[in-house]
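In: I'd like to go over a predicted model; first the sequence, then the structure.
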Protein chains: 4
Amino acid sequence: MNQQVCVVVGVGEGNGAALARAFHREGVTLALLARGTAFITSLAAELDNARAYACDVTDAAAVRDAFARIRSELGEPSSVVYNAGAGVWGDIESIDPEAFENAWRVNAYGALLVSQQVIPAMKAAGSGTIVFIGATASRRGGPRTAAFAPAKAAQRSLAESMARSLWPHGIHVALIAVDAIVDMPRTRRSMPDKPDSFFLRPDDMAASAVWLSKQPRSAWTFEIDVRPFGEKW
Amino acid sequence: MNQQVCVVVGVGEGNGAALARAFHREGVTLALLARGTAFITSLAAELDNARAYACDVTDAAAVRDAFARIRSELGEPSSVVYNAGAGVWGDIESIDPEAFENAWRVNAYGALLVSQQVIPAMKAAGSGTIVFIGATASRRGGPRTAAFAPAKAAQRSLAESMARSLWPHGIHVALIAVDAIVDMPRTRRSMPDKPDSFFLRPDDMAASAVWLSKQPRSAWTFEIDVRPFGEKW
Amino acid sequence: MNQQVCVVVGVGEGNGAALARAFHREGVTLALLARGTAFITSLAAELDNARAYACDVTDAAAVRDAFARIRSELGEPSSVVYNAGAGVWGDIESIDPEAFENAWRVNAYGALLVSQQVIPAMKAAGSGTIVFIGATASRRGGPRTAAFAPAKAAQRSLAESMARSLWPHGIHVALIAVDAIVDMPRTRRSMPDKPDSFFLRPDDMAASAVWLSKQPRSAWTFEIDVRPFGEKW
Amino acid sequence: MNQQVCVVVGVGEGNGAALARAFHREGVTLALLARGTAFITSLAAELDNARAYACDVTDAAAVRDAFARIRSELGEPSSVVYNAGAGVWGDIESIDPEAFENAWRVNAYGALLVSQQVIPAMKAAGSGTIVFIGATASRRGGPRTAAFAPAKAAQRSLAESMARSLWPHGIHVALIAVDAIVDMPRTRRSMPDKPDSFFLRPDDMAASAVWLSKQPRSAWTFEIDVRPFGEKW
């Protein structure tokens, strides 16, 4: 059967759920990955053609197992959106080495593990899409992103290396640098005075991820930035 | 009447024509600008809802006149694609000051003149799109782009300044950095040994320009790169 | 005679005077260029081995004449520091095309004219140094630098193109991106509440320009940023 | 006693030894760190005021112990040059997760561990210097640097975060991006046809590290690139 399989890694409310819904609207079969099962199970139940896979992306064996199940239950993935991300806030003096390592594991090491699972079949097919969801921190280190920014910079560098080696095999690797506060109940509560125009709507960001997955291959894009029209930058 | 007006500046075969056709498919009324009239007149005749305007973008009075006619004949532009570009190849020792100046006039000064014509109405409407077609040289100076790269860098810097001041007014300013040799009869003839995958197809690039013009404003993009999947970068 | 000749272009109080003094301490013969003569004449009188040359760097004939006199009176320049800079503040809506052009003429076009005067002799000698004094705006366009940033970006791009074509001939082209408010009576008066640590001292910046002129050529630098330790960035 | 203590981390032949010798010429007391002891022991014996400390920078306890000994035997470090670096070559398909992790541990995690050892005393003193030795890969991912580039990008991002939080405390954090093949017996043997001008001489690079450590603090530099004058870039 010809149904395409899209894996969304890091599905919580916010960007992850919006990415899942956006690709769902494209008619693909979805694999939803997250560390916990509650959110992805309920989202999978709501959508047709979607399954939930609990997976800690920092654990090589868990990643291997999850993708073995996806391949067996849904088929080879033709697209992956890597939205897993985490990072404590803090400067060099306040973060501890464990937090520094954990941010790297989720953002960069997990990205490697997941990519290595899907590349062989994409290469054999001569097509595929891998989109990483980056951040402002992918491009620069701020005073208080001593743990998060190095992890996101490593992810961006890996994505760039992958793009340059995999594009010629027909695999479109791209990165979306989200330079914004995402509109979610949690962020709204913590910033009650900000107007609507301050926030990035996850559905709007996800539209760009879908667009990247459809770009004709004579004019592929590696990197785009997204931010709200009303924001200072 | 509600018909939207799109101005494509710098319409020749290649990217300019492809941009015109792509926005035409979106149902807008087109104003096609070029220094010479032959190509734009025949293209306008081929497309519905398109008019040709001869205009040297380096001439402030000519730009003013062309946009006065556009406003009067078609209405206020809601989008502009700035594709005017020119530049001799050569290093610092071989270019002359006139060539250096001319490259800047076409790529940067003309961009300012055109933008200043359309901003007031866009600002009043609270919406609009201005897309600049950049190049690899927008981002870095090469040994043999001593005239072209400074002109493209100035254009990119102007676009960034505009994005940061105009986005909050609802005007989406963006730049497409074309990092490729464009597929045209001329480039094919000069590089007869290159495979199809070496060239960027203008229609494919134009699809990204159209997409930028439709991005929802809570997640706007300032800059994208485009290049063929098979190319080394 | 073996006395080295250093040309400082754009000598006023602040960075220009500091650059002149710093290279003077290195024992070179100085040519001081500025549009007006008052400041450079008095500075030349104060320093040994220094001469003042009135020169509008945006005027090709004036540049040619000034360098003809320098060559005849002092000898071929072995180093140039290009500190000419100007730019009105304003966004795309408030600047006029003349201001946009003038900023480009002083920062970029003049840089080309001056460089073309000194390259032939430097190339024949197999050595030389050309240092451009850039700014934050060399790297990005801000909302209110619609005239200044495109000019500085063009200058930076030209410098990069020159570096890549001239380094192999032994000519060290480099750029210092000054990301700071310079400590001068004028800036102090306009920001009376700022502490000392807020300002960049011109002598300290000039020390980096001298250092660049002495770097051993197996490890040359193209670009450095400079800013005060206490400043936010 | 007022003798300053400089720690060079990652001392082998090539850049590490050159950095040690360059700071030694400045009259500081040296602590030389490397995983193996043979090279640093013989170098310490050759230099006055130098001690060797075997230390695996990826091991938090080993780093803690080494710096406890340095503090006790030599005093608080006033400068650190972080030259530890490692990385297998390979694209995303050929590297394994262990190699990816190890590159990150040496280049980024070790950089965090070492920095956290010296920051408290530097902060108390209101002065200090931490210089990271980066690479071309610090700035971009190449097809065959899927392990190395993400590690170097993480290091650069950490350095930038540190610079922005520590400069106001008088601690100068900087990075040297070495964009070159270093002149060493090993590299000469593997590239026997390259001319002298192709290689970066470690002593010349080290001169820039010393210069950074002396920059006056009203005009500090975060990042410089270094490469041979004759090289293509």
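Out: That came through fine.

In: where in chain A is pLDDT low?
Out: Residue ranges of chain A with pLDDT under 70: A:1-2.

In: cutoff 90 now
Out: Applying pLDDT under 90 to chain A flags residues A:1-3, A:48, A:86-88, A:231-233.

In: Where do the helices of it begin and end?
Out: Assigned by DSSP state H, chain A shows helices spanning A:15-24, A:38-46, A:60-73, A:97-104, A:110-125, A:148-166, A:185-190, A:202-214.

In: Out of those, which is closest to chain B?
Out: Closest approach to chain B among these is made by helix A:202-214 (3.7 Å; Cβ to the nearest Cβ). The way it works is simple: take the backbone N, C-alpha and C, and place the C-beta from them, glycine included.

In: Would you mind listing the buried residues in that closest one?
Out: A:202-213 (16 or more other Cβ atoms under 10 Å in any protein chain shown).

In: Kindly report the same for stretch A:49-67.
Out: Buried residues in stretch A:49-67, counted by 16+ other Cβ under 10 Å: A:50-60, A:62-63, A:66-67.

In: Check those residues and tell me the two furthest apart.
Out: Comparing all pairs in the buried residues of stretch A:49-67 by Cβ to Cβ, the longest separation belongs to A:A50 and A:A60, at 25.1 Å.

In: circling back: among the buried residues of stretch A:49-67, which are in reach of chain B?
Out: When those are checked against chain B using Cβ under 8 Å from any Cβ of the partner chain, none falls in range.

In: Can you tell me which of those is closest to A:A174?
Out: The closest of the buried residues of stretch A:49-67 to A:A174 turns out to be A:V57 (Cβ to Cβ; 19.0 Å).

In: Is it correct that that closest one is in contact with A:V106?
Out: Yes - A:V57 is within contact range of A:V106, at 6.4 Å (criterion: Cβ atoms under 8 Å).

In: Can you work out which residues contact both of the two?
Out: Common contacts of A:V57 and A:V106 (Cβ atoms under 8 Å, 6 or more residues apart in numbering or on different chains): A:A84.

In: circling back to that earlier point, of the buried residues of helix A:202-214, which are in range of chain C?
Out: Among these, no residue lies close to chain C (Cβ under 8 Å from any Cβ).

In: could I get these as a markdown table with distance to D:A151?
Out: Formatted as a markdown table, the buried residues of helix A:202-214 follow (distance: Cβ to Cβ, whole Å):
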| residue | distance to D:A151 |
| --- | --- |
| A:P202 | 31 |
| A:D203 | 35 |
| A:D204 | 34 |
| A:M205 | 28 |
| A:A206 | 31 |
| A:A207 | 33 |
| A:S208 | 29 |
| A:A209 | 27 |
| A:V210 | 32 |
| A:W211 | 31 |
| A:L212 | 26 |
| A:S213 | 29 |
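
In: Out of the residues you listed, flag the one nearest to B:T37.
Out: Of these, the one sitting nearest to B:T37 (Cβ to Cβ) turns out to be A:W211, at 35.4 Å.

In: The closest one: what's it in contact with?
Out: Contacts of A:W211 by Cβ under 8 Å, 6+ apart are B:W211.

In: how about 10 Å then?
Out: Each residue near A:W211 by Cβ atoms under 10 Å, 6 or more residues apart in numbering or on different chains is listed here: A:22, A:221, A:224, B:207-208, B:211-212, B:214-215, B:221.

In: Can you tell me how far it is from A:A52?
Out: Counting by Cβ to Cβ, to the nearest Å, the gap from A:W211 to A:A52 is 26 Å.

In: again with A:A121
Out: Per Cβ to Cβ, A:A121 is found 22 Å from A:A52.

In: hang on, the earlier thing: of the contacts of A:W211, just say which sits nearest to chain D.
Out: Nearest to chain D among the contacts of A:W211, with distances taken as Cβ to the nearest Cβ, is A:T221, at 16.0 Å.

In: Wait, A:E73 touches A:A52, no?
Out: No - counting by Cβ atoms under 10 Å, A:E73 stays clear of A:A52, with 11.2 Å between them.

In: Overlap in contacts, the two.
Out: What both A:E73 and A:A52 touch, as defined by Cβ under 10 Å, 6+ apart, is the set A:A31.

In: wait, which of the contacts of A:W211 is closest to chain C?
Out: Minimum separation from chain C among the contacts of A:W211 (Cβ to the nearest Cβ) is found for B:T221, which lies at 16.0 Å.

In: Now do the contacts for that closest one.
Out: Contacts of B:T221 were listed using Cβ under 10 Å, 6+ apart, and they are A:176-177, A:179, A:208, A:211, A:221, A:223-227, B:163, B:172, B:174-176, B:208, B:211-212, B:215.

In: If we use 6 Å, what do you get?
Out: Neighbour list for B:T221: A:224-226, B:174 [criterion: Cβ atoms under 6 Å, 6 or more residues apart in numbering or on different chains].

In: between those, which has the most around it?
Out: A:I224 (27 neighbours; other Cβ atoms under 10 Å in any protein chain shown).

In: Is that one bridged to anything, and to what?
Out: A:I176, B:I224 (DSSP bridges).

In: Tell me if I'm right that it and B:D225 touch.
Out: No - using Cβ atoms under 6 Å, A:I224 is not in contact with B:D225, being 8.6 Å away.

In: ok, A:M205 touching A:V226?
Out: Yes - using Cβ under 6 Å, A:M205 makes contact with A:V226 at a distance of 5.4 Å.

In: residues bridging contact with those two, i.e. touching both?
Out: Any residue near both A:M205 and A:V226 by Cβ under 6 Å, 6+ apart counts here, and that gives B:A219.

In: Tell me who's in contact with A:A149.
Out: Residues in contact with A:A149, defined by Cβ under 6 Å, 6+ apart, are A:137, A:141, D:157, D:161.
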